[in-house]
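> What follows is a protein structure lacking sequence information:
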Ligand SMILES: [Fe+2]
């Protein structure tokens, strides 16, 4: 199985946004994924700029909220379609939810903008991988 990481190594941000190759064939879910990429890009920028921690915290909170919303929507959608790998998918979502929570807590304690940028890069890589390997399974 060929894994394509879509330019994750490019820390400059280019090649880390949504593109047609990431379409899962459902407009709503594609829209969610696009929005997640935008939020992650925003987080990378505020982290890189070392913006006020209140700004970074706001973007982080928005991202966490949206991740929760999207995962729930996706899981409900999969349940309705009788998707076989729902449990695996759910646990993969759960892993990432706690990972993000953990990093957000670290940020809340340190207010180190590098943590925000690191999270953005890590999550973008995860998202691309997750869409291509796991979400594509329901295409
Ligand atoms: Fe997913």
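Happy to help now that I have it. Only a predicted model underlies this, so the values are computations on that prediction, with no experimental measurement involved.
> and the longest helix belonging to the chain, which residues are buried?
Ranked by residue count, the top helix of the chain under DSSP state H comes out as helix 53-80. Neighbour-count burial for helix 53-80, counted by 16 or more other C-beta atoms under 10 Å, picks out 53, 56-57, 59-60, 63-64, 67, 70-71, 74-75, 78. (C-beta placed from N, C-alpha, C; glycine too.)
> Show residues contacting the next helix or strand after that helix.
Counting by DSSP states H and E, the next helix or strand C-terminal to helix 53-80 is helix 86-110. By C-beta atoms under 8 Å, 6 or more residues apart in numbering, the residues outside helix 86-110 that reach it are 56-57, 60-61, 63-64, 67-68, 71, 74-75, 78-79, 83, 115-116, 118-119, 122-123, 126, 130, 134.
> just stretch 112-120 next, same as before
With C-beta under 8 Å, 6+ apart as the contact definition, stretch 112-120 has outside contacts at 40-41, 43-44, 46-51, 53, 56, 59-60, 100, 103-104, 106-107.
> Show me how to select, in ChimeraX, the buried members of those.
A single ChimeraX command selects the buried members of these (16+ other C-beta under 10 Å):
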select :40,41,43,44,46,47,48,53,56,59,60,100,103,104,107
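> related to what we said a few turns ago, so which of the buried residues of helix 53-80 would count as near the ion as well?
residue 74 (C-beta under 5 Å from the ion).
> Compile the buried residues of helix 53-80 into TSV and extend it with columns for distance to residue 27 and pLDDT.
Shown next, in TSV, are the buried residues of helix 53-80 (distance: C-beta to C-beta, whole Å; pLDDT from 0 to 100):
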residue	distance to residue 27	pLDDT
53	36	94
56	31	95
57	32	95
59	25	94
60	27	94
63	22	94
64	24	95
67	20	96
70	14	96
71	18	96
74	13	94
75	18	95
78	16	91
